[in-house]
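Asker: Predicted model, plus sequence, below.
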Amino acid sequence: MSLALPVLAAPLQVPALLEPASQEHHVGKVIFVELVTPDLAAAKQFYAGMFGWTFRDIQAGSAEYAEASLDGRPVAGLVHKEIPAGEHRQPAWLSFIAVRDVDATTKSAVEKGAKVLREPHSVPDRGREAILADPQGAVFAVLASSSGDPPDVLAAPGEWIWSSLIAGDPDTDAAFYQALFDYEVFDLSSDAGAQHLLLASGDYARASANSLPANRPNSHSHWLNYVRVDDTDKMAAKAVALGGRVVVEPRIDRHGGKLAVVADPQGAPFGLIEWPDTESKEVSQ
Amino acid sequence: MNTLSGPRPAIVCMIALLALLASACAGPGYGYDEGVGIGAGYYEPYGYDYGGWGPGYAVGPYRGGHGPDRGGGGRPGHAYRSAPASRSAPSIPSGGRSGGGRR
């Protein structure tokens, strides 16, 4: 009797986060992001046009991966994955949050109500990672980078600078993430506005936790990452010109600069945020 | 005493292996699988809204050091532990990158 076993894809040889490696570790920091997209070529064209990212293709078997870089520094990974005919799927950016021990963090997350979407596993040169959905359904990954974590420096335009957790109940979600990453939690909510919490570690702000907009019953908890730009209006218009769309129109945010949310041509949302180099520089309004 | 010999244990092992492989490829409704061999392969559920931010909806960090209007010691009754009242909300890193190349 002969029996054909399923053939598992060979693991891709993705690059280390840092070369040369460092000894820095910043638990609770979003240290990497990955996009899964049904059209890798179109995604590369879009993000190259938006931010000047360049790409290095990595292939193993049928798996296609592109490492995105800006000025020689890796900024993201893009993964091609077909969407089966007749199915609707939403491309998304996946946030990787730094931890020291993926297995222990995963165990703790599950004890606090998270679901494991992919069990802890080792990725050659990258480290150990797992993918989880928090108790409210927002998906994130944890990564213990074997080459250390990126340093705490100001992101350059075209690099990721900020992250938000948009959640049905930011209060309890903040407690969940605080238990995992030992965040300090600051309440920045305005008296009349939605809940706005700030999650910090290592004396730096790492992310916000915000309420889902009340007027959108068909929304769900999710992480959203932001790229630093010099001119949000211009970049939002550019996203549209390149085939994307505007999800949240440019608006003044707490920090005084403009912020917008756009989606790439395949629908993956991400934010644009102005951030001056110096405190004294005024942001045009 | 039973021993692990003959065809039956091999068939049992084969079935167990197939079941394990099948469970490893099953997604929990997020469109996730392990086919690409690395972390991604994840799609969000389809059909949700991402916008709808009303006036006053703020997500960004403070700029320029520490926040001026509210820090730790938030309102009581939270599920999380508030930062101490003596702490003011920090901002994002502001320092420059010293080296070049890959970070």
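Answerer: Now that the structure is in, tell me what you want to look at. Numbering: from 1, shown residues only, chains lettered A, B, ... in the order given.
Asker: make it CA atoms for all contacts and neighbour counts henceforth
Answerer: Fine.
Asker: what number of residues lie near B:S91?
Answerer: 21 (other Cα atoms under 10 Å in any protein chain shown).
Asker: Centroid-nearest residue for chain A?
Answerer: A:S95 (3.2 Å; Cα atoms, centre = their mean).
Asker: I'd guess it is in a strand, am I close?
Answerer: Yes - counting by DSSP: H, G, I helix; E, B strand; the rest coil, one finds A:S95 located in a strand.
Asker: so it sits right up against A:V30, yeah?
Answerer: Yes - the criterion here is Cα atoms under 8 Å, and A:S95 meets it with A:V30 at 6.3 Å.
Asker: coming back round to it: what sits against the closest residue to the residue nearest to the centre of chain A other than its chain neighbours?
Answerer: Take A:S95 and drop its neighbours on the chain: the residue closest to it by Cα to Cα, 6 or more residues apart in numbering or on different chains is A:V33, 4.8 Å away. Going by Cα atoms under 8 Å, 6 or more residues apart in numbering or on different chains, A:V33 touches A:75-77, A:93-96.
Asker: Could you rerun that using 7 Å?
Answerer: Taking Cα atoms under 7 Å, 6 or more residues apart in numbering or on different chains as the criterion, A:V33 is in contact with A:76-77, A:93-96.
Asker: What about it? Give its phi and psi, please.
Answerer: phi -140, psi 150 (degrees, to the nearest 10).
Asker: likewise A:F176?
Answerer: Main-chain torsions, A:F176, degrees, to the nearest 10: phi -60, psi -50.
Asker: Over to A:A174?
Answerer: phi -60, psi -40.
Asker: how many other residues sit next to it?
Answerer: 27.
Asker: Next up, the contacts around it.
Answerer: A:A174 touches A:209, B:80, counting by Cα under 7 Å, 6+ apart.
Asker: I'd like the distance between it and A:S146.
Answerer: With distances taken as Cα to Cα, to the nearest Å, A:A174 is found 27 Å from A:S146.
Asker: check contacts around the residue of the stretch 101-250 of chain A found nearest chain B.
Answerer: In the stretch 101-250 of chain A, the residue that lies nearest chain B is A:A175 (4.1 Å; Cα to the nearest Cα). Neighbour list for A:A175: B:79-80 [criterion: Cα under 7 Å, 6+ apart].
Asker: how about 10 Å then?
Answerer: A:112, A:181-185, B:78-82 (Cα atoms under 10 Å, 6 or more residues apart in numbering or on different chains).
Asker: tell me which element A:K238 falls in.
Answerer: helix A:232-241 (DSSP states H and E).
Asker: which strands and helices sit next to the next helix or strand after that helix?
Answerer: Tracing the chain past helix A:232-241, the next element assigned as helix or strand by DSSP H and E is strand A:245-252. Judged by 3 or more Cα pairs under 10 Å, 6 or more residues apart in numbering or on different chains; DSSP states H and E, strand A:245-252 is in contact with helix A:232-241, strand A:258-263, strand A:269-274.
Asker: Do a quick rundown of the strands in the stretch 51-200 of chain A.
Answerer: Along the stretch 51-200 of chain A, the stretches classed as strands by DSSP state E, counting those that start in this stretch are A:54-60, A:63-70, A:73-80, A:92-98, A:115-123, A:127-133, A:139-145, A:160-167, A:184-187, A:196-201.
Asker: Next, the angle strand A:139-145 makes with the longest one.
Answerer: Relative orientation of strand A:115-123 with respect to strand A:139-145: 30 degrees, computed using axes from the mean of the first three to the mean of the last three Cα atoms, to 10 degrees.
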